[in-house]
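Participant: kindly return the folded structure for what I paste below:
(2 chains)
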Amino acid sequence: MGEQRVFVWDLSTRLFHWLLAAAVTGAVVTGLQGGALMDWHGRFGLSIVGLLAFRLVWGFVGSTYARFIQFFPTPGKVAAYWRGQWRGEGHNPLGALSVFGLLALLAVQVASGLVGNDDIVFSGPLADLVTKDISNRLTGFHQLLSNALYALVALHVVAVLFYTRRKKRSLIRPMITGWKDNAQGESARGGGIVAFAVAVVVAASAVYGASGVWLPAPPPAPKAVETPNF
Amino acid sequence: MVFKLALAALSVSLAAGSAVAQIKPEDAIKFRQSGYTFMAWNMTRIYANVNGTYNKEEVIKAANAIQAVANSGMGALFLPGTDKGTGWEPTRAKAEFWTEREKVGQVGGAFNKEANEMAKVAATGDAAAVKEQFGRLAKTCDNCHDSFKAKR
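Facilitator: Residues are numbered from 1 along each chain as shown, chains lettered A, B, ... in the order given. Below is the predicted model of the structure:
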């Protein structure tokens, strides 16, 4: 097979990637800042729920290199990659580990964030589903785990820079244009408009579920009794 | 002479005793947890008002309550050794609260300043200004929690 241009990342996968990067950045900045920005932290969190749900579906019905089965890092593949014997396009086995790691970590972060609280006024939209004690504990876990997120994101960025600078294989341009130069392999196929629509519907449902708007409203506060002026 | 000294010591200790009532550690922890919980209720009231229909009187009541608690001298409830212990629930005050006094003074002072300002702004009834001041006040809560409240 000769060297050619190969279409690796479909538009949905690229949009997902950059929107997720933006949403995670927003969530981290507002989360660290706290205070009134917690409203925005919650909005970024809900966006991440939608994006993760979309990606989960896209991992089954998306185009060739977006499918989980295509890049699932089996021990055999990782070992082959380690020995320099892996050939292919899309996520390499080590990159795939990072992809699954980041997706799983973000899933845990949104799950704990949805039921968390900031001990001031803000609580996640599903916090009413758990007791305050569990909410407190999961909030502590959420904050602790954010360190793992920083580490994985840093690793991801360093790895991309390493491939770009040292191995002279830009990973950034394909994630923008979708095309990879001097590649060996088939261009991605599949992931049409129907698949996209299904993924969007699932994502929207996930956001609806996570937003907690379906939860019964708390009973209205009783009318305050006028307190005498002591 | 000895008698006079003893009398002086007794009167000093009586005076001190009357100025600051003796508190049992678990009571001190309960009182401070109650104070923060009460302020939390009032914070949610202001939050609900700036994010929904604004009721000036409600916000004034809430802001005044926070200001009163903030200026009540709750520092006295942080008795030595009460970084451990249980009030309504196990305390989450970190040991650093007793060792980093200067920083405690800074975050505490900032909180007091913003709580006082909150009451002032609430009195004007300017919803936009209240929302902004609410953000500044909540931030001072956060700053103290980050340093001195344990995450479980």
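Participant: before we move on, what's the pLDDT of the closest residue to chain B within chain A?
Facilitator: Nearest residue of chain A to chain B (Cβ to the nearest Cβ) works out as residue A:36 at 3.0 Å. For glycine as for every other residue, the C-beta is placed from the backbone atoms N, C-alpha and C. Here, the pLDDT recorded for residue A:36 equals 83.
Participant: with adjacent residues omitted, what lies nearest to it?
Facilitator: Nearest non-adjacent residue to residue A:36, counting by Cβ to Cβ, 6 or more residues apart in numbering or on different chains: residue B:135, 3.0 Å away.
Participant: ok, that neighbour - contacts?
Facilitator: Going by Cβ atoms under 8 Å, 6 or more residues apart in numbering or on different chains, residue B:135 touches A:35-37.
Participant: residue A:189 too?
Facilitator: Residues counted as contacts of residue A:189 (Cβ under 8 Å, 6+ apart) are A:63-64.
Participant: follow-up on the earlier one: just checking, the residue of chain A closest to chain B touches residue B:134?
Facilitator: Yes - with contact defined as Cβ atoms under 8 Å, residue A:36 reaches residue B:134; the gap is 6.6 Å.
Participant: which of these two has more residues huddled nearby?
Facilitator: Comparing residue A:36 with residue B:134 by other Cβ atoms under 10 Å in any protein chain shown, the one with more neighbours is residue B:134, at 26 against 23.
Participant: chain A versus that one, what's the distance?
Facilitator: Distance of residue B:134 to chain A, given as Cβ to the nearest Cβ, to the nearest Å: 7 Å.
Participant: which strands and helices sit next to the helix or strand harbouring residue A:146?
Facilitator: Assigning secondary structure by DSSP states H and E places residue A:146 in helix A:132-165. When contacts are defined as 3 or more Cβ pairs under 8 Å, 6 or more residues apart in numbering or on different chains; DSSP states H and E, helix A:132-165 packs onto helix A:11-33, helix A:93-114.
Participant: most packed of these?
Facilitator: Of all the helices and strands packed on helix A:132-165, helix A:93-114 has the most neighbours on average by mean count of other Cβ atoms under 10 Å in any protein chain shown, namely a mean of 18.
Participant: is that helix positioned near chain B?
Facilitator: No - remark: helix A:93-114 sits outside contact range of chain B, by Cβ under 8 Å from any Cβ of the partner chain, the gap being at least 11.9 Å.
Participant: now that helix, how far from the chain's geometric center?
Facilitator: 7 Å (Cα atoms, centre = their mean, to the nearest Å).
Participant: assign a three-state SS to the residue of chain A closest to chain B, would you?
Facilitator: Using DSSP: H, G, I helix; E, B strand; the rest coil, the structure places residue A:36 in helix.
Participant: that one and residue A:140, how far apart?
Facilitator: 22 Å (Cβ to Cβ, to the nearest Å).
Participant: what's the answer for residue B:67, then?
Facilitator: To residue A:140, residue B:67 is 30 Å away according to Cβ to Cβ.
Participant: between these two, who's got more neighbours?
Facilitator: Using other Cβ under 10 Å, the more surrounded residue of residue B:67 and residue A:140 is residue B:67, with 21 against 16.
Participant: ok, back up a step: nearest to residue A:203, of the helices and strands packed on helix A:132-165?
Facilitator: Nearest to residue A:203, of all those, is helix A:11-33, at 9.8 Å by Cβ to Cβ.
Participant: how about that closest one as CSV, C-alpha atoms only?
Facilitator: What follows is helix A:11-33, C-alpha atoms only, in CSV (Å, rounded to 0.1, in the frame of the first residue of the first chain):
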residue,chain,number,x,y,z
LEU,A,11,-16.5,16.0,11.4
SER,A,12,-18.5,14.7,14.4
THR,A,13,-15.4,13.3,16.1
ARG,A,14,-13.5,16.5,15.5
LEU,A,15,-16.3,18.7,16.7
PHE,A,16,-16.6,16.4,19.8
HIS,A,17,-12.9,16.6,20.5
TRP,A,18,-12.7,20.4,20.4
LEU,A,19,-16.0,21.1,22.1
LEU,A,20,-15.0,18.7,24.9
ALA,A,21,-11.6,20.4,25.2
ALA,A,22,-13.4,23.7,25.6
ALA,A,23,-16.0,22.4,28.0
VAL,A,24,-13.5,20.7,30.2
THR,A,25,-11.3,23.9,30.2
GLY,A,26,-14.4,25.9,31.2
ALA,A,27,-15.4,23.5,33.9
VAL,A,28,-11.9,23.4,35.4
VAL,A,29,-11.5,27.2,35.4
THR,A,30,-15.0,27.9,36.9
GLY,A,31,-14.6,25.0,39.4
LEU,A,32,-11.3,26.3,40.7
GLN,A,33,-12.7,29.8,40.9
